[in-house]
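> just coords:
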C-alpha cells in the first residue's frame, strides 16, 4: 500500500490522494476530478465549504489570511501574501477568507481585527498573528510556528 497524503484541490476543493514520496520529491500533481494543478503558487480563496476541505481535511498545513476588501492594510499585504505563497508551497497551502462574505467563518475563529493570519494543521489552529507583514516575515513566522 502506498503512503499517501490527502491534498485539497485549489480549483474544486476535491480531496486527492497523492503519494507521499512524489510530494516529497517535489512533484506537483493534478486533481483527479478537475485536472487543475494541486499547487499553483497562489493563495486559494476559501468559502465555508472549501475551508473544511483545505484546513480540516488536507494533510498539509494551511495559512489563512482573514481580510476584507475595504481594509487598507489587507490590500497592502495582499501582494506580499501572494509572494509568500510562491515560496511556501507545497509545504504549506496559503489561502484567503473574505470576512465580509464569510462572516460565519470570521465569527467561528473570533476574528476581531484584519488582516489576521491563522495557521492550521489538521483543522486545529496552531498559530495566529494580526497585522500586515511583508513576504519574508510571513515566511519566517510560518516556518517558526510549524517548527514549534
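The structure has been received and is ready for your questions. Computed from a predicted model, the values in this text were never measured in an experiment.
> which residues sit against stretch 86-98?
Identification of contacts with stretch 86-98 by Cβ atoms under 8 Å, 6 or more residues apart in numbering yields 8, 10, 23, 26, 28, 38-47, 51, 54-55, 58, 60-69, 81, 84-85, 105-106, 119, 135, 139, 142, 146. Glycine gets a C-beta too; all of them are placed from N, C-alpha and C.
> now do the helix or strand harbouring residue 141: which elements does it pack against?
Using DSSP states H and E, residue 141 sits within helix 135-147. If you count contacts as 3 or more Cβ pairs under 8 Å, 6 or more residues apart in numbering; DSSP states H and E, helix 135-147 packs onto helix 72-88, strand 116-121, strand 124-130.
> neighbouring contacts of that helix?
Against helix 135-147 from outside (Cβ under 8 Å, 6+ apart): 61, 63, 80-81, 83-84, 87-88, 92, 117, 119, 121, 126-127, 129, 133.
> pLDDT averaged over the one helix or strand residue 18 maps to - what is it?
If you go by DSSP H and E, residue 18 is part of strand 15-19. Strand 15-19 carries an average pLDDT of 94.
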